[in-house]
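**Student:** the sequence and its predicted three-dimensional model are supplied below.
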Amino acid sequence: MSEPLTIVRHPLVQHKLTLMRDRTTSTAVFRQLLRECAQLLAYEATRDLELVDEAVETPMGATVAPRLAGRKLALVSILRAGNGLLDGILELIPSARVGFVGLYRDEATLEPVQYYFKVPAEMGERVVIVVDPMLATGNSSAAAVDLLKQAGARNIRFLCLLAAPEGVERMRRAHPDVPIITAAEDERLNDKGYIVPGLGDAGDRMYGTK
């Protein structure tokens, strides 16, 4: 992928995002909408995956048809909210390998603190899609990509539901080679580092916590 920021403006994505922004949307509906948006965004994130031709026998005869080339791609969730996107994409790509990066944001400094890291082998030979619903300050996202590059990953894409201009710029400075796929770039961050107008805390809304 060549574009540093891709906003998926498909009507279904935008409609579902609006429902998720609504503060009256229930936890169950929010969770379902997030899975559905994940699948729609994943179409864009995977549109340039490499294909190879393979001979197959259909019930009507022999043909040559394309299949995905190379190793299974890797989906890496930034815990905990990333799991909502992860679940949806796994329904679309059930053979994908899965990794997890545990980071939490220090509420005083807004800097990421690592507590867990586990990813598949041969990361340098896989397309890696990092998922987190919100690209806010960009600090946790940039730190996660740092860790993945240290693990050998070279072909990385970042998929999120919402992005703030500050987070996009932070990722561009830290990792200009990592394209960002999102449903919307919102106005700004507030003084607590939350996206405005946004949709609140994605993890809290997905899991029903406060």
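**Tutor:** Perfect, thanks for sending it. Numbers count the residues shown, from 1 in each chain.

**Student:** so how far is the lengthiest helix in the chain from its chain's centroid?
**Tutor:** Using DSSP state H, we find that the single longest helix of the chain is helix 27-45. A distance of 10 Å separates the centroid of the chain from that of helix 27-45, by Cα atoms, centre = their mean, to the nearest Å.

**Student:** and the next helix-or-strand element following that helix, what's its mean pLDDT?
**Tutor:** Per DSSP states H and E, the first helix or strand lying C-terminal to helix 27-45 is strand 51-58. Per-residue pLDDT over strand 51-58 has a mean of 96.

**Student:** low-scoring stretches of the chain, by residue?
**Tutor:** Applying pLDDT under 70 to the chain flags the ranges 1-2, 110.

**Student:** do that again at 80, thanks
**Tutor:** 1-3, 105-111, 210 (pLDDT under 80).

**Student:** what are the boundaries of the strands in it?
**Tutor:** 5-7, 51-58, 61-68, 74-79, 97-105, 112-118, 127-131, 134-135, 155-159, 162-163, 180-182, 184-185, 188-189, 195-196 (DSSP state E).

**Student:** list of residues touching the longest one?
**Tutor:** Residues outside strand 97-105 that contact it (Cβ atoms under 8 Å, 6 or more residues apart in numbering): 72-79, 86, 90, 111-120, 126, 130, 137, 139-140, 143-144, 147-148, 193. Where C-beta positions appear, they are placed from N, C-alpha and C, glycine not excepted.

**Student:** and those, which of them are buried?
**Tutor:** 72-79, 86, 90, 112, 117, 119-120, 126, 130, 137, 139-140, 143-144, 147-148, 193 (16 or more other Cβ atoms under 10 Å).

**Student:** for D53, see how far away the closest residue to G203 other than its chain neighbours is.
**Tutor:** The shortest distance from G203 to any non-neighbouring residue, by Cβ to Cβ, 6 or more residues apart in numbering, is to A81 (3.8 Å). Distance of A81 to D53, given as Cβ to Cβ, to the nearest Å: 39 Å.

**Student:** please say which of those two ends up with more neighbours.
**Tutor:** A81 (23 against 11; other Cβ atoms under 10 Å).

**Student:** now that one: how far from P11?
**Tutor:** A81 is 25 Å from P11, by Cβ to Cβ.

**Student:** what does A121 give?
**Tutor:** Taking Cβ to Cβ, one finds A121 at 40 Å from P11.
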